[in-house]
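*Asks:* Below is the sequence, then the predicted model.
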Number of protein chains: 2
Amino acid sequence: MTLADDPLIELRTRLAEVSDLERLGVLLAWDQEIVMPPAGAEWRASQRATLERLTHERFTDDRIGELLEAAVPATPVDEDLVRVTRRDYDKARRVPAGLVEELVHAGATAREAWARARAESDFALLEPHLRRNVELRRRYVACFPEVERPFDALLDDYEPGMRTSEAEDILGRLRDGLVPLVAAAAASAGDDALVTGGPFPADAQRRLVETVLRQVGVDDERWRLDVALHPFMATISPGDVRLTTRYADDDLDSLFGTLHEFGHGLYEANVDPELARTPLGAGVSSAVHESQSRLWENMVGRSAGFWRWCFPHLQAAFPERFAGRGWQDVHRAVNTVKPTLIRVSADEVTYGLHIVLRFELELALFEGDLDVADLPAAWRDRTRAYLGLDVPDDADGVLQDVHWAEGLFGYFPTYALGNVIAGQLWARITADLPDLDERFAAGDFAPLTAWLAEHVHRHGRRLTPGELVARAAGGPLDPEPYLEYVRAKVAGASARLIA
Amino acid sequence: MTLADDPLIELRTRLAEVSDLERLGVLLAWDQEIVMPPAGAEWRASQRATLERLTHERFTDDRIGELLEAAVPATPVDEDLVRVTRRDYDKARRVPAGLVEELVHAGATAREAWARARAESDFALLEPHLRRNVELRRRYVACFPEVERPFDALLDDYEPGMRTSEAEDILGRLRDGLVPLVAAAAASAGDDALVTGGPFPADAQRRLVETVLRQVGVDDERWRLDVALHPFMATISPGDVRLTTRYADDDLDSLFGTLHEFGHGLYEANVDPELARTPLGAGVSSAVHESQSRLWENMVGRSAGFWRWCFPHLQAAFPERFAGRGWQDVHRAVNTVKPTLIRVSADEVTYGLHIVLRFELELALFEGDLDVADLPAAWRDRTRAYLGLDVPDDADGVLQDVHWAEGLFGYFPTYALGNVIAGQLWARITADLPDLDERFAAGDFAPLTAWLAEHVHRHGRRLTPGELVARAAGGPLDPEPYLEYVRAKVAGASARLIA
């Protein structure tokens, strides 16, 4: 066999092309959110549809299947490449192009309906679209008749290999641990007034955010930071990682949000360069990705060490607000636990319950007897049960998130699973690096980034999410370390209140 | 024949896809120049190569040829579509993919060598690469054995249908008209000190440029303005036109440069929307495009009416510099004629001679006996003959432009042909709209934009460049109106000097 006849070489060439096209899709989306003039939207929709169709065509080409059959992997990386690609390929080939188009179209239509429904707080405007999304997703599930439970097929898109039963078990234990904690914290009425209410001028926020990003390792050589209405991270290539944030006048969420997106970006940026332009060259799952963003946003961004370092910069950015205060005041304020209605502004501890609620409802939609029409009432019931709050209207209830309108079912649980994984990793990291908090206090985040690069980032998709967690954290998925972490947090807050 | 079997419908679908991919290529280039972090360059090269290969593959697909054969155009637009597409298709199919790759690769390599050669003012560093480019372009020419003269094949890529003999005739007459004018102007030593030397702070320039752009019709709905090292215009879609400029501290070139790019952008933005996502939906040739940019940069931007309107804004931007001055002072300064060595900073009148010089040399490379090694000396000789200047070193001579290094031969003449067409259009416009200068003075540019949209822009590629000029200007390509325009300019300057 000559070199040119090696199916592995042709496979790699074709996959590199598909990878390039996928990255172009990311760039198109980034551009649309960040720089495109409004009148470009109509044309951009065509451009994105063309690119997506072409990417799908090239990846699901018969020839890829032949090459996967013929390839004889000679290295461990090639073995992983063939295994992961075959899995992706088989999944992609199972879903008829017509169904994919229907899903995309229904999602776009429902998204518009959702915006109106939320603005008018009228679930009825969304209901038929949501019903259609559920129906289409059932047809999607039917493309995978081998699954034990329907929801398995949905979950697998974001968390490869995870079973619904496993998610139920972990999120159930998380819920049972969080509910009493949140109830206790609610009773003690934490105070975050120091970091809310503003005014926090955008320019000062931006300077603060840039200072923090530089310190944790962001340079102009391969990073960007832009302003977006709904912040996100976009990896255009290993040398081009783009963060976004927004500056609200009345809070400091830009700081935590940017650390969150940085966590996502650092993961992608640190995948072994050898894996670039292959299906292995990306984060392995939504939950593992979210573990990285949550770890930076919360474990780092709300730590004592971080605030010992950051406080002078915060004070310089907002001298009046923080005059006569110390880092301890800010540390306490950003660790306030207080149940609220809206997921995206929830604190670190209550956040998990927002997710469990959503997971349980979407599971009931697909496997139980919950009808779409009954979602608002079910939402209210569970909000009362888990957060102790009454939902005044659907805009602040079932209509607050866009995910279901976009047809994303099975995605929400990965947010909470990300916290769970972050908890496991953090327990291991703080054991491995006992002086971490002191290092943070000195502005030194390099030991942490090195640990994450070695144990998490570099692997890309070579390990499964389960393998990655087992190796990095030393055991299977387990909510207990995360619960211990938040218990310590709540206990600390109570101790401070008593003292 | 059912609707779905109509080859014209399939042809349009396939061409729309190719058009989308081409626009993505423009976006990739824009992004690389304007926002991409430096470390993205290596990966971006792969992404662009993949996209270009795919675009070429889709357009040169056998199926397109079959559809072009089978299509039965039912409307004039469809007739034009089939005719223009067939021409593009035949040309694209003639050039072997291997040669295209060699051309791209040699151009990229030579571009790097050019940057070093120019920095060190050492032509020898570029010479072998330039020789290679010429050799490859000869092989390209050989793909079109039916041309009368080799240079015809090169010129045709930028100016479809134009023959070398026609370009020689027009540019020869232009040269013969300009040389004595420039010599006379040089003797009268115009004075542009008022608008050079600076300091012109970038912020004030930006505000001025934005004011001017808004007045000529740029809105945030479908335009952007960004800063670029080498300004250009990028049309991402009819609803997304992106201008770029740069702000040098010591001159006001940003204003004229932005009007220049606006002229390009307005052309693309005003092509009949019906032609979008087809090969007809773009400007028809490089020279016609350049006629639009030059018309806004010079005929508008250096007119008395424009400065009567703009002067107060200029004064507001730079109050100290223009205190006690009037619009006439600025009008005079921006119309100064003064031979200089560098094309890109040449004034409006001498500019044509820079181009004629390049055209004559590249023609001699391909059809005469000029050897690449003899380019620097030939450059010096002609610079003395046409501009009356001595070239002190090659950095300010033959190495000043990147075009030949990039393999672009036959492109330079379109710059001067653009001026020629602008002169013809301007003669017709000022006859059709006799109060134009008064309208400019009132800040009203709408009559001009309407005229251009009607007579030039909307046609896209439906008319050939020759047909377009014949219809819009009332005759064949002719340098005389442009020469009259510059003669009046030089005479006005002399009259002012005498007065």
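*Replies:* Great, that's in hand.

*Asks:* and the closest residue to A:L15 other than its chain neighbours, how many residues sit next to it?
*Replies:* Nearest-residue entry for A:L15: A:T278, 5.5 Å, with adjacent residues in sequence omitted and distances by Cβ to Cβ, 6 or more residues apart in numbering or on different chains. C-betas here are computed from N, CA, C, even on glycine. Residues lying near A:T278 (other Cβ atoms under 10 Å in any protein chain shown) number 22.

*Asks:* and A:T278, what is it in contact with?
*Replies:* Listed by Cβ atoms under 8 Å, 6 or more residues apart in numbering or on different chains, the contact set of A:T278 reads A:12, A:15-16, A:19, A:81, A:85.

*Asks:* rerun that using 7 Å as the cut-off
*Replies:* Contact analysis of A:T278 by Cβ atoms under 7 Å, 6 or more residues apart in numbering or on different chains lists A:12, A:15-16, A:19, A:81.

*Asks:* Tell me which of those fall in helices.
*Replies:* A:12, A:15-16, A:19, A:81 (DSSP state H).

*Asks:* where in chain A is pLDDT low?
*Replies:* A:1-4, A:189, A:493-499 (pLDDT under 70).

*Asks:* can you list the domain ranges for it.
*Replies:* Using automatic domain parsing, the domains assigned to chain A come out as A:3-148, A:164-498.

*Asks:* Quick check: which of those is buried the most?
*Replies:* When those are scored by mean count of other Cβ atoms under 10 Å in any protein chain shown, the highest mean neighbour count falls to domain A:164-498 (a mean of 19).

*Asks:* How far off centre is that one?
*Replies:* Distance of domain A:164-498 from its chain centroid, counting by Cα atoms, centre = their mean, to the nearest Å, is 8 Å.

*Asks:* from the ones in helices among the contacts of A:T278, which single one is nearest chain B?
*Replies:* The nearest member of the ones in helices among the contacts of A:T278 to chain B, counting by Cβ to the nearest Cβ, is A:A16 at 7.2 Å.

*Asks:* Run through the residues of the stretch 51-200 of chain A sitting next to chain B.
*Replies:* Applying Cβ under 7 Å from any Cβ of the partner chain, we find that the stretch 51-200 of chain A lies next to chain B at A:L51.

*Asks:* Where does the stretch 51-200 of chain A get nearest to chain B, residue-wise?
*Replies:* A:L51 (6.6 Å).

*Asks:* Not counting its neighbours along the chain, what's nearest A:V218?
*Replies:* A:F262 (6.6 Å).

*Asks:* Identify the residues contacting the one you found.
*Replies:* A:213, A:216, A:218, A:243, A:296.

*Asks:* Out of those residues, which sit inside helices?
*Replies:* Short answer: these in helices (DSSP H) are A:213, A:216.

*Asks:* out of the contacts of A:F262, which one sits closest to B:V147?
*Replies:* The nearest member of those to B:V147, counting by Cβ to Cβ, is A:L243 at 52.6 Å.

*Asks:* residues touching the closest one, list them.
*Replies:* A:223-225, A:233, A:258, A:261-262, A:265.

*Asks:* Which residue ranges of the stretch 201-350 of chain A form helices?
*Replies:* For the stretch 201-350 of chain A, the helices defined by DSSP state H, counting those that start in this stretch occupy A:202-216, A:253-269, A:286-294, A:304-317, A:327-333.

*Asks:* Mind checking these for the one nearest to B:R163?
*Replies:* Here helix A:253-269 is closest among the helices of the stretch 201-350 of chain A (Cβ to Cβ), at 53.3 Å.

*Asks:* so A:G190 touches A:K338, yeah?
*Replies:* Yes. With contact defined as Cβ atoms under 7 Å, A:G190 counts as touching A:K338 (5.4 Å).

*Asks:* Run through the residues that contact A:V104.
*Replies:* Contacts of A:V104 (Cβ under 7 Å, 6+ apart): none.

*Asks:* That one belongs to a helix, doesn't it?
*Replies:* Yes. The assignment for A:V104 by DSSP: H, G, I helix; E, B strand; the rest coil puts it in a helix.

*Asks:* Now do the helices in the stretch 1-150 of chain A.
*Replies:* Along the stretch 1-150 of chain A, counting by DSSP H, counting those that start in this stretch, helices occupy A:7-34, A:41-59, A:62-70, A:76-94, A:97-120, A:123-142, A:150-155.

*Asks:* I'd like those laid out as JSON lines, including distance to B:L370.
*Replies:* Shown next, in JSON lines, are the helices of the stretch 1-150 of chain A (distance: least, Cβ to Cβ, whole Å):
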{"stretch": "helix A:7-34", "distance to B:L370": "41"}
{"stretch": "helix A:41-59", "distance to B:L370": "44"}
{"stretch": "helix A:62-70", "distance to B:L370": "49"}
{"stretch": "helix A:76-94", "distance to B:L370": "53"}
{"stretch": "helix A:97-120", "distance to B:L370": "56"}
{"stretch": "helix A:123-142", "distance to B:L370": "66"}
{"stretch": "helix A:150-155", "distance to B:L370": "69"}
